[in-house]
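>>> The sequence and its predicted three-dimensional model are supplied below.
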Amino acid sequence: MSRTLLCVAVLGAGLALLAAPQGARQAPVRRRRPAKAAAACPVAGPAAARAAREEEDRFTAALQPYLKDHEQTVALSEGTLAPASAASPSQPAAEFLAPVDSSIGSIVFSVFLECPGEILIDRPDGALLRSPEAGVEDHALRHGRIVTAAHPITGLWRIRISGRGRFAARADAQSSLFASRAEFVQPRGQPGQESYSPIQMAPRMGVPELLEVRLAGPVGTARFGLVPPEGGMLQTFNLPQVESSGDEKVFRGPATANLETFRLLVEGEDAHGFPYQRLYSRLFRTRPASQ
């Protein structure tokens, strides 16, 4: 895959990167008002852990109405920002980016952070957004932030996070470009006249299995990857296109899953040449190769 590495880089926290395209055409992100989330961070312990789970549950509930209209996940990452130390007294930080392609009509950025410092949005050119713009709603919550943007301009959007504790960041879009189906399959019938049906068991870990992916919408190119549920390093591969009907393209070929659980990521360029990225909603699980 020629264009890589987009999603979260944690400084001093040892978190891996979630891959995505680089080189998107850059344009300003809009915001209605500035927002800075702040909440007291309790001392570590069972009570603090329980309180953090409750806060995340409340944040997730507040996010759900936005996700009903934004069904295509562009990027996500979860992890932990380690507390500051004497050796590194500044607050740990994470950086979250996502490409906005020409098919996206609206997008939601959301960040939950157990002990927030700042949650900021930068323009693709690196300038901090400071003034409100039409079409953007910005909601600062006690433990996070939710930003929606209607008719976003194509390019890379960037969120910078500082603070401590667990975080969960994602970008979800209204889009006509999406993976309509992804499943591991097996051939049936005579050679040259095969049809393909889903395998009855989970794919085997470390063993090549046939993966079929159907993409709908203005897809130009497509590359594929397997990512852990929380984000992380990509296991990347190519699948050949084997069929095309209307605005749907079918890709099929061998893929080797080296993860116990994973999601499928698709990235490439849309029909207008803008980088896109999509995460398929299903969480896949593997079985031991010996089974």
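Happy to help now that I have it. Numbering: from 1, shown residues only.

>>> what mean pLDDT would you report for the longest strand along the chain?
In the chain, taking DSSP state E as the definition, the longest strand is strand 155-175. Summarised as a single mean, pLDDT over strand 155-175 is 91.

>>> Could you do stretch 254-271 as well?
Mean pLDDT, computed over stretch 254-271, is 95.

>>> re the thing from before, may I see the buried residues of the longest strand of the chain?
155-175 (16 or more other Cβ atoms under 10 Å). Backbone N, C-alpha and C define where each C-beta goes, glycine included.

>>> Walking through the chain, point out its helices one by one.
Under the criterion DSSP state H, helices of the chain are mapped to 46-68.

>>> Output the lowest mean pLDDT helix or strand found in it.
Lowest by mean pLDDT, DSSP states H and E among the helices and strands of the chain is strand 8-11, with a mean of 38.

>>> quick one: the strands in the stretch 151-291 of the chain?
155-175, 178-188, 195-198, 208-216, 223-227, 235-237, 241-245, 248-256, 261-269, 275-279, 284-285 (DSSP state E, counting those that start in this stretch).

>>> Partner strands of the fourth one, with direction?
The pairing partners recorded for strand 208-216 under DSSP bridges are strand 178-188 (antiparallel), strand 248-256 (antiparallel).

>>> Determine the angle, from 0 to 180 degrees, between that strand and strand 275-279.
With axes from the mean of the first three to the mean of the last three Cα atoms, to 10 degrees as the basis, strand 208-216 and strand 275-279 are set at 120 degrees to each other.

>>> if we can go back for a sec, what separates the longest strand of the chain from the chain centre, distance-wise?
A distance of 9 Å separates the centroid of the chain from that of strand 155-175, by Cα atoms, centre = their mean, to the nearest Å.

>>> Output the contacting helices and strands for it.
helix 46-68, strand 72-81, strand 93-100, strand 104-122 (3 or more Cβ pairs under 8 Å, 6 or more residues apart in numbering; DSSP states H and E).

>>> Let's test this: mean pLDDT of the longest one, rounded?
Spelled out, that is helix 46-68. Mean predicted confidence for helix 46-68 is 90.

>>> okay, the helices and strands packed on strand 155-175 in TSV with mean neighbour count and distance to P187 next?
Below are the helices and strands packed on strand 155-175 laid out as TSV (neighbours: other Cβ atoms under 10 Å; distance: least, Cβ to Cβ, whole Å):
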stretch	mean neighbour count	distance to P187
helix 46-68	13	36
strand 72-81	23	30
strand 93-100	24	35
strand 104-122	23	36
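
>>> Now distance to V207 too, for the ones you listed, in CSV please.
Formatted as CSV, these follow (distance: least, Cβ to Cβ, whole Å):
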stretch, distance to V207
helix 46-68, 34
strand 72-81, 27
strand 93-100, 32
strand 104-122, 36
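
>>> And the ones you listed: which comes nearest A179?
For A179, the closest of those is strand 72-81, at 8.6 Å, according to Cβ to Cβ.

>>> Who are the packing partners of the closest one?
Looks like strand 72-81 contacts strand 8-11, strand 93-100, strand 104-122, strand 155-175, strand 275-279 (3+ Cβ pairs under 8 Å, 6+ apart).

>>> out of these, nearest to D69?
Set against D69 and scored by Cβ to Cβ, the helices and strands packed on strand 72-81 come closest in strand 155-175, at 6.2 Å.

>>> Brilliant, that's me finished.
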